[in-house]
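Asker: just coords:
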């Protein structure tokens, strides 16, 4: 793989929207806007909300509307608007710019004709994305990092802003370090069949699924040691996510008869079936309250969710003739990559990033030239639980990988072919065996 090319001169995760420096911008949902902007995007002054001249008012903002300031009383996903004072224009959008919330939606794209791949990072605010896709923004603030002669697949964004991915063409796992702009490569020759990657933000450990080998693997954040935490004889592990506050690992396994969602401790122990449903659950993600997944049924794909205990299963979206590859969630919306090619009348191919509301029927599409695959959101405002002292002690002493069997209790686990040495607290190679040994540092 050749060195990456960066198509912007600003830092990937510190970029600020051009509108952030504007005197009047919206922080958070536009339905909460309480500023004094009172002119539409086309320059027409707004009508007061508490009068019916020249237009009858059918929506009134929660503040009573004793003014003519732009508002969003009906939660329009395209932002603030107002009734106008022009007889010929009942209402129009104000298009007040959104302040940057330091969240980034990041996905991988494969450009088959060029034989190259890229990351794209852009503000994750759904209103900003919809305004951009509708041509309502003056500037596209996306950021691209391009890799020649590559095909990037799975994607995870760490709490520190680095991007973990696998390149199925060059058969390695890469870590793009945003501060230096450099990429480190790991697991050369062993990454082609990795399907999904996730990271525990507390310990820094990385987990990934390999449907070809039928395993779920765990690694330290520098990929010095890898251990198997789940193996099945018949199924194919696919989606995977860590629940940081619950200290649990969740992954999906697809069998001939359907899919199961499993939950386990972070060392792979105490595996239980959380859900048995769906035909082919290929991707998982989670927010602070729910687990979300893609179920590819063949004739259609569904986007579903459930509580952490498996209860209250909800269908959020369903569509036929799609190829949803990955899923991410942020704020009130769900983000999906769709790798199904669509052609216009000129024969040009387009792919989609689909964005749907968690609790309402809002949805919109961003059309892209390259085929998208992995997708994730970096939310700089999200609090990360601090590691327990026992886990920190384990990470300091262990030369293997520290996994949690119980909350906060770090266990040094040695990879296959090594055993734990009590005296050196290190994993030493064992001649003539491929057994994986583990030992709690407290014993």
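Answerer: Nice, I can see it. None of the values given here were measured: they were computed from a predicted structure.
Asker: Report the central residue of the chain.
Answerer: In the chain, the centroid-proximal residue (CA atoms, centre = their mean) is residue 376; its distance is 2.0 Å.
Asker: For that residue, which residues count as its bridge partners?
Answerer: Per DSSP bridges, the residues bridged to residue 376 are residue 106.
Asker: pretty sure residue 198 is in contact with residue 207, am I right?
Answerer: Yes: contact criterion CB atoms under 8 Å: residue 198 and residue 207 qualify, at 5.3 Å. (C-beta placed from N, C-alpha, C; glycine too.)
Asker: now for whichever strand or helix holds residue 229, which elements pack on it?
Answerer: Taking DSSP states H and E as the criterion, residue 229 maps to strand 226-231. Applying 3 or more CB pairs under 8 Å, 6 or more residues apart in numbering; DSSP states H and E, one finds that strand 226-231 contacts strand 215-219, strand 258-265, strand 401-406.
Asker: and the angle from it to strand 401-406?
Answerer: Orientation note: strand 226-231 sits at an angle of 40 degrees relative to strand 401-406 (axes from the mean of the first three to the mean of the last three CA atoms, to 10 degrees).
Asker: how about strand 226-231: buried residues?
Answerer: Buried residues in strand 226-231, counted by 16 or more other CB atoms under 10 Å: 226, 227, 228, 229, 230.
Asker: Could you do stretch 30-50 as well?
Answerer: Here stretch 30-50 shows 30, 31, 33, 35, 37, 39, 40, 44, 46, 47, 48, 49 as buried, counting by 16+ other CB under 10 Å.
Asker: go on, stretch 320-331?
Answerer: For stretch 320-331, a neighbour-count test (16+ other CB under 10 Å) marks 322, 324, 325, 326, 327, 328, 329, 330, 331 as buried.
Asker: what about the helix or strand where residue 354 lies, average pLDDT?
Answerer: Residue 354 belongs to strand 349-357 when assigned by DSSP H and E. Averaging pLDDT along strand 349-357 yields 93.
Asker: So which elements touch the helix or strand that comes right after that strand?
Answerer: Counting by DSSP H and E, the element after strand 349-357 in chain order, helix or strand, is strand 363-368. In terms of contacts (3+ CB pairs under 8 Å, 6+ apart), strand 363-368 is packed against helix 126-133, strand 349-357.
Asker: any idea which of those is most buried?
Answerer: Burial of the helices and strands packed on strand 363-368 is given as mean neighbour count (mean count of other CB atoms under 10 Å); helix 126-133 ranks first at a mean of 21.
Asker: who does it touch, helix- and strand-wise?
Answerer: Using 3+ CB pairs under 8 Å, 6+ apart, the elements in contact with helix 126-133 are strand 116-123, strand 349-357, strand 363-368.
Asker: tell me the average confidence for the next helix or strand after the strand holding residue 229?
Answerer: Under the assignment DSSP H and E, the closest C-terminal helix or strand after strand 226-231 is strand 236-243. Averaging pLDDT along strand 236-243 gives 97.
Asker: repeat for stretch 48-68
Answerer: Per-residue pLDDT over stretch 48-68 has a mean of 95.
Asker: Endpoints of it, how far apart?
Answerer: Using CA to CA, to the nearest Å, the end-to-end distance of stretch 48-68 comes to 4 Å.
Asker: closest to residue 173 out of the helices and strands packed on helix 126-133?
Answerer: Closest to residue 173 of the helices and strands packed on helix 126-133, according to CB to CB: strand 116-123, at 14.1 Å.
Asker: Does residue 402 touch residue 410 like I think?
Answerer: Yes: look at residue 402 against residue 410 with CB under 8 Å: they come within range, at 4.3 Å.
Asker: which neighbours do the two share?
Answerer: Counting by CB atoms under 8 Å, 6 or more residues apart in numbering, the residues touching both residue 402 and residue 410 are 203, 391, 394, 395.
Asker: what's near enough to touch the third one?
Answerer: For residue 394, the residues meeting the contact criterion (CB under 8 Å, 6+ apart) are 402, 410, 411, 412, 441.
Asker: Please tell me how far the helix or strand harbouring the third one is from the chain's geometric centre.
Answerer: Secondary-structure element containing residue 411, defined by DSSP H and E: strand 409-413. Offset of strand 409-413 from its chain centre (CA atoms, centre = their mean, to the nearest Å): 28 Å.
Asker: Please apply the same query to stretch 42-58.
Answerer: Offset of stretch 42-58 from its chain centre (CA atoms, centre = their mean): 40 Å.
Asker: Pull up the distance across it, start to finish.
Answerer: Termini of stretch 42-58 sit 22 Å apart (CA to CA).
Asker: With stretch 168-184 instead?
Answerer: 16 Å.
Asker: Averaged pLDDT, it. What do you get?
Answerer: Stretch 168-184 shows an average pLDDT of 93 in the prediction.
Asker: buried ones in it?
Answerer: Burial within stretch 168-184, assessed by neighbour count using 16+ other CB under 10 Å, is assigned to 168, 169, 170, 171, 172, 173, 174, 175, 176, 178, 183.
Asker: Perfect, that will be all.
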